[in-house]
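Peer 1: I would like the atomic coordinates for the input below:
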Amino acid sequence: MTVLEELDYIKDSKKDVARDARVSIRAMEDLLHDASPENMVAGVSMVGMGAGETAPTGSLSIYTDLGMAQSQQVFTSNENDNRIINVALHLQKANAPQQVVLVTKDLNMRLKAKGAGLAHVEDYRTDQLISDIKYLSRGFHRFEGNFWDKVKSVDSRTEGRDTIHTIPKAMLPEAYINEFLLDESNDFAGLVEAINGDSLEVLDLGYERLMGRHAWGITPKNIGQAMALHALLDPHIDLVILTGPAGSGKTLLALAAALEMVVERNMYDKIIVTRSTPEIAESIGFLPGTEEEKMLPWLAAITDSLEVLHKHDENVKGSMNYIMEKANIQYKSVNFMRGRSIQNSIVILDESQNLTASQLKTIITRCGEGTKIIVGGNLAQIDSNYLSAVTSGLTYLVEKFKDFSGSATLNLDGVVRSRLASFAEENL
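Peer 2: This next block holds a predicted model:
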């Protein structure tokens, strides 16, 4: 009953969690609307509420914790968490030896429940595709030693200026399309273009040629940036996901590649820049102006990157204004993305680690014909109260799209901003 009260309390809030609360309430109403009070206490079967392996097989009952005698209560204070733990402890005692499990994402509540004597306490894990972000796909695989020393059989062919090698899949059983391949000799660099049964088709990029890529006057400072730039400039890749620490070049590379494709190559009509807007400190209050003017403080990273790209120009501010108009750069709020249809554009979604999977789905499904989306984020800097690194929408995106042939993921692990940023990233 206390859980229902908490859902009722948050269902009308302006935060994203309110939508989840309403979905939960509606799901329970669909199941319980014909149940009698006696059936609700005994439990109503959830069979048929879903399909597949994850379909529920148990039953749902609502326990009236307010009717518990005080002698049965371990906690006497009337806080919601304590009332829920009291019920769990009572059920554990009344239903022994049957296992009773308390499931909650509240870490402090899990500690209190264990301390009070509850034998089984678990985190809610169905929103976690991986247990730790160290297992997150990095977008590339580095072979030990020299790549060609490990190749026992290979068929090579040329298509125009490209060379494609067909190698046994046994060399990399977990390979996926658009995964980069490197070796320790810094000689070979390739890209998995296709997977056919027991073989992989690998596009030979060449390490030096990959490092020679450039966009809008920017050249890569390490192989991670070179791979990212290749994916960003590839017209066959519709979604590029860039993860990594602050200073690894995610925003700068995304903007440079976008300007190159919009202004120089005329491949797209405009650049739309957006990001989530959680604050890391106290709010400064309402911001004046239009939607774009309100978004300027949030998207200062983009204007900072524009300054870097044009710092050698005679009139930096004039160049920035000219390029923003020429490339049709638009600053938009994530809040107003629903319902839009974005055609033939480049969408740069910055700071995406603070978005949920459903929010990211809303934005990606707005992308129409001929649109490329670049998603960047740092999983070590999450400001949302309801997300962690393993439950972030960015983590979901990386894992769900790694097998999609129209996407590429790159984890940029080299901080190139300054020695100060490098030290802070490693020691703070």
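Peer 1: any idea of the mean pLDDT in stretch 409-422?
Peer 2: For stretch 409-422, the mean pLDDT works out to 74.
Peer 1: and the closest residue to Ile25 other than its chain neighbours, which of the three is it?
Peer 2: Leaving aside its chain neighbours, Ile25 sits nearest to Leu7 (5.7 Å; criterion: Cβ to Cβ, 6 or more residues apart in numbering). All C-beta spots, glycine's among them, are computed from the backbone N, C-alpha and C. For Leu7, the assignment made with DSSP: H, G, I helix; E, B strand; the rest coil gives helix.
Peer 1: Double-check Leu7 against Ala21; I have them as touching.
Peer 2: Yes - in this structure, Leu7 is within contact of Ala21 by Cβ atoms under 8 Å, at 4.7 Å.
Peer 1: quick one: low-confidence parts of the stretch 101-250 of the chain?
Peer 2: Scanning the stretch 101-250 of the chain for pLDDT under 70 picks out the ranges 126-127.
Peer 1: That one: strands as residue ranges?
Peer 2: Assigned by DSSP state E, counting those that start in this stretch, the stretch 101-250 of the chain shows strands spanning 101-103, 120-122, 140-143, 155-159, 162-168, 180-183, 189-196, 199-204, 239-243.
Peer 1: Quick check: which of those is buried the most?
Peer 2: Among those, ranked by average contacts under mean count of other Cβ atoms under 10 Å, first place goes to strand 239-243 (a mean of 26).
Peer 1: For the helix or strand just after that one, which helices and strands make contact with it?
Peer 2: Using DSSP states H and E, the next helix or strand after strand 239-243 towards the C-terminus is helix 250-259. With contacts taken as 3 or more Cβ pairs under 8 Å, 6 or more residues apart in numbering; DSSP states H and E, helix 250-259 sits against helix 223-233, strand 239-243, strand 270-275, helix 300-309, strand 345-350, strand 372-377.
Peer 1: tell me the angle of helix 250-259 relative to helix 300-309?
Peer 2: Put simply, helix 250-259 runs at 70 degrees to helix 300-309, going by axes from the mean of the first three to the mean of the last three Cα atoms, to 10 degrees.
Peer 1: which residues sit against helix 250-259?
Peer 2: Residues outside helix 250-259 that contact it (Cβ atoms under 8 Å, 6 or more residues apart in numbering) are 215-218, 220, 225, 228-229, 232-233, 240, 242-244, 268, 271, 301-302, 304-306, 308-309, 323, 327, 346, 348, 350, 374, 376-378, 412.
Peer 1: Now a ChimeraX select for only the buried ones of the residues you listed.
Peer 2: Buried subset of those, written as a ChimeraX selection, criterion 16 or more other Cβ atoms under 10 Å:
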select :215,216,218,220,225,228,229,232,233,240,242,243,244,268,271,301,302,305,306,308,309,323,327,346,348,350,374,376,377,378,412
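Peer 1: Leu306 against Met324, yeah?
Peer 2: Yes - in this structure Leu306 lies within contact range of Met324 using Cβ under 8 Å: 7.4 Å.
Peer 1: Against Met261, how distant is Asp269?
Peer 2: Separation of Asp269 from Met261 (Cβ to Cβ, to the nearest Å): 11 Å.
Peer 1: out of those two, which sits in the busier spot?
Peer 2: Using other Cβ atoms under 10 Å as the criterion, Asp269 and Met261 rank with Met261 on top: 21 against 15.
Peer 1: Against Val375, how distant is the more buried one?
Peer 2: 16 Å.
Peer 1: Ile133 too?
Peer 2: When distance is defined by Cβ to Cβ, Ile133 is 16 Å away from Val375.
Peer 1: Please identify which of those two sits among more neighbours.
Peer 2: Applying other Cβ under 10 Å to Ile133 and Val375 shows that Val375 carries more neighbours, namely 29 against 17.
Peer 1: isn't the more buried one right next to Val240, touching?
Peer 2: Yes - using Cβ under 8 Å, Val375 is in contact with Val240, at 7.2 Å.
Peer 1: Could you chop this protein up by domain?
Peer 2: 1-123, 236-426 (the TED database).
Peer 1: Now do the end-to-end distance for the first one.
Peer 2: Here the two ends of domain 1-123 are set 20 Å apart, with distance taken as Cα to Cα, to the nearest Å.
Peer 1: Is Asn86 in a helix, a strand, or coil?
Peer 2: Secondary structure for Asn86, judged by three-state DSSP, is helix.
Peer 1: Is it correct that it is in contact with Phe75?
Peer 2: Yes - the pair Asn86 and Phe75 qualifies as a contact (Cβ under 8 Å) at a distance of 5.8 Å.
Peer 1: Counting neighbours, go ahead and name the busier of these two.
Peer 2: Each of Asn86 and Phe75 has its neighbours counted (other Cβ under 10 Å); Asn86 has more, 20 against 15.
Peer 1: distance of the more buried one from Gln381?
Peer 2: Note on Asn86: its distance to Gln381, by Cβ to Cβ, is 38 Å.
Peer 1: Kindly report the same for Lys93.
Peer 2: Distance, Lys93 to Gln381, using Cβ to Cβ: 44 Å.
Peer 1: roughly how far is stretch 27-41 from the heart of the chain?
Peer 2: 36 Å (Cα atoms, centre = their mean, to the nearest Å).
Peer 1: mind checking which of the helices and strands packed on helix 250-259 is nearest Ala189?
Peer 2: helix 223-233 (7.4 Å; Cβ to Cβ).
Peer 1: other SSEs contacting that closest one?
Peer 2: Looks like helix 223-233 contacts strand 189-196, helix 207-211, strand 239-243, helix 250-259, strand 407-411 (3+ Cβ pairs under 8 Å, 6+ apart).
Peer 1: which one of the helices and strands packed on helix 250-259 lies closest to Tyr331?
Peer 2: Shortest distance between Tyr331 and those, using Cβ to Cβ, is found for strand 270-275: 5.4 Å.
Peer 1: ok, and for the closest one, which residues are buried?
Peer 2: 270-275.
Peer 1: go on, stretch 169-183?
Peer 2: The neighbour-count check on stretch 169-183 (16+ other Cβ under 10 Å) flags 171-172, 176-183 as buried.
Peer 1: Farthest-apart pair in those, please.
Peer 2: Ile177 and Asp183 (19.9 Å).
Peer 1: List the contacts of Phe180.
Peer 2: 139-141, 189-192, 205, 227, 410.
Peer 1: Would you check how far apart Phe140 and Lys169 are?
Peer 2: Phe140 is 17 Å from Lys169, by Cβ to Cβ.
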